[in-house]
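How does the following fold in three dimensions:
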Amino acid sequence: MPLDSDIANADAKLHVEFYDHKELGRPFVRIMVPGDTTNIIDQPVRDDHKERFPRQWLHFQMQSENGDIPGTKLEEWHRTSPADISDAQVAELQILKFRTVEQVATASDAQMMRVGMGGVGLRLKAQAFLRLKSDATSSSELAEAKAKLAALEAQVAALMAAKDEAPRRGRPPMNDRSA
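Okay, the predicted model is just below:
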């Protein structure tokens, strides 16, 4: 995401490299203008770096193999519905650097051609899997919200009943006073 002040998209002209720092054991980012060796930013990765350079961050995560890539892992897809995708297909997709079902579902025709025969069908299965997962998540969230609402309604009813039963304190209202 370019900065607001980045009118000419100067971030696209930067060389940005995320890497694992060997001694510190954490990811670092190196930002430099190509050709300028005097102005190099080399520091630990912060959230704003991930937002500012999302493509480079995703590339780093995919290269490190253990990065936390957002989405549903291919292994989870295979565990959940083994009829849709086999172990061999999971391995083949990982060789082609697909890590998540979302990447498969949104892949272009050219990318699916590299998968070989059945690639387009695999993409359709990935899209169907994500739709089912989204529907299941929505229905479980709806059921959870309904249960929470019922509990709150019961709590309000109990409080109202307790309020009606409690003795009144203080001065009586004006219309209850005897003159």
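
quick one: which helix or strand includes residue 82?
Residue 82 is part of no helix or strand, with elements assigned from DSSP states H and E.

which residues sit in contact with it?
Not one residue lies near residue 82 by CB atoms under 8 Å, 6 or more residues apart in numbering. Any C-beta I mention is one placed from the backbone N, CA and C, and that applies to glycine too.

Quick check, pLDDT for it.
pLDDT for residue 82: 84.

Please report how far it lies from residue 89.
11 Å (CB to CB, to the nearest Å).

which residues are common contacts for these two?
When CB under 8 Å, 6+ apart defines a contact, no residue borders residue 82 and residue 89 alike.

On the three-state scheme, residue 20 is what?
In three-state terms, and counting by DSSP: H, G, I helix; E, B strand; the rest coil, residue 20 is strand.

so for the host helix or strand of residue 138, what's the average pLDDT?
Assigned by DSSP H and E, residue 138 belongs to helix 119-165. Averaging pLDDT along helix 119-165 gives 86.

Counting by contacts, list what it packs against.
With contacts taken as 3 or more CB pairs under 8 Å, 6 or more residues apart in numbering; DSSP states H and E, helix 119-165 sits against helix 74-80, helix 101-105, helix 109-115.

try 7 Å
helix 101-105, helix 109-115 (3 or more CB pairs under 7 Å, 6 or more residues apart in numbering; DSSP states H and E).
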